[in-house]
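> this one's sequence-less:
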């Protein structure tokens, strides 16, 4: 079996170089009989003369292990994942962030489990990078998926309750901090920036439905990526699995180090665009779509995102028509599956 690891990145050459080294070294140490290729999608980073060499030094076998795909301009995180999978020659694709380090045994688990579950998306346990007071590290086991979220759904200790008293969000994934079983089990939503499936299944779902040369389609940055792919998998009749033995350390650099995907003047506008893109193309129930499109929010960002949708509505209709044929399940099925209220207000 051949495993293709797809990693979009933007600007942080030192970190992505370390991530590549970790992947290749861990793969060699496991003495796997499988093949691996690492596909790095450079989403419009500004290259200086020295920076490409930081990546090329890991190209250890004449270009066969590491493939670098360069976007001439930034098309966004969804586009970068889709283009990376398009280039993949493996049977299995692993989708991961540029600040994630999978732990020992990852390739063996993926190889075995994808054969058992060829039409599901698998997710690793996400391990935090900052120790708690007792010296332990946080372990998160996928997430719940709330269609809508407001301030009352947040923990009482959340700073958002003070800083943003009118807080609202759409398609919010909420960490699950407890392991339910020792064997793989179904979860509502992927989370942790390390998940995998067969390339065939990713293609069947359409990934993030981006299109070459179209900048206003699909997800532009981090924010609602996992909820989108999870919802598509559930509505498509399959689902998502958490693998308790598969661990990935997440150093969350795109938050702490100012990664361009989540920083900048248009960051929140793009996040709302992502949320509305899900609502318009995946949530095919008219009543629920109406609720989402009229969801209350008190800042300019939401209105700007709605205008983006309106200006590019032909793309929305194209993807919606495809999904109406693909999705054989519905929101009610998803809700009943996990037995919780999706906060449809």
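All right, it came through fine. Small disclaimer: the values here were computed from a predicted structure and weren't measured.
> against which helices or strands is the longest helix along the chain packed?
For the chain, the helix that runs over the most residues, judged by DSSP state H, is helix 13-29. Judged by 3 or more Cβ pairs under 8 Å, 6 or more residues apart in numbering; DSSP states H and E, the packing partners of helix 13-29 are strand 2-9, strand 35-43, helix 51-56, strand 100-102, helix 106-116. Every residue, glycine included, has its C-beta placed from N, CA and C.
> list the buried residues for the first one?
Pointing back at strand 2-9 there. 3-9 (16 or more other Cβ atoms under 10 Å).
> roughly how far out does that strand sit from the chain middle?
13 Å (Cα atoms, centre = their mean, to the nearest Å).
> angle of that strand against helix 106-116?
120 degrees (axes from the mean of the first three to the mean of the last three Cα atoms, to 10 degrees).
> oh, and call the first residue 17 from now on, that's how I've got it
Fine by me, first position is 17 from now on; the one you just mentioned is strand 18-25.
> pull up the pairing partners for strand 18-25, direction included.
Using DSSP bridges, the strands paired with strand 18-25 are strand 51-59 (parallel), strand 108-112 (parallel).
> now distance to residue 226 too, for these, in a markdown table please.
Shown next, in a markdown table, are these (distance: least, Cβ to Cβ, whole Å):
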| stretch | distance to residue 226 |
| --- | --- |
| strand 51-59 | 12 |
| strand 108-112 | 14 |
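> got TSV for those, with mean pLDDT, mean neighbour count and distance to residue 324 too?
TSV is the format used below for those (pLDDT from 0 to 100; neighbours: other Cβ atoms under 10 Å; distance: least, Cβ to Cβ, whole Å):
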stretch	mean pLDDT	mean neighbour count	distance to residue 324
strand 51-59	89	22	19
strand 108-112	96	26	25
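> out of those, which comes closest to residue 289?
With Cβ to Cβ as the criterion, residue 289 lies closest to strand 51-59 of the strands paired with strand 18-25, at 16.4 Å.
> who touches the closest one?
The contact list for strand 51-59, computed with Cβ atoms under 8 Å, 6 or more residues apart in numbering, reads 17-26, 32, 36, 39-40, 43, 71, 74, 80-87, 90-93, 95-97, 99-100, 103-106, 123.
> and stretch 88-105, by the same measure?
With Cβ under 8 Å, 6+ apart, stretch 88-105 has contacts from 18, 20, 22-24, 26, 53, 55, 57, 59-60, 83, 85, 87, 109, 111, 215, 218-219, 223-226, 228, 231, 233-238, 241, 276-277, 286.
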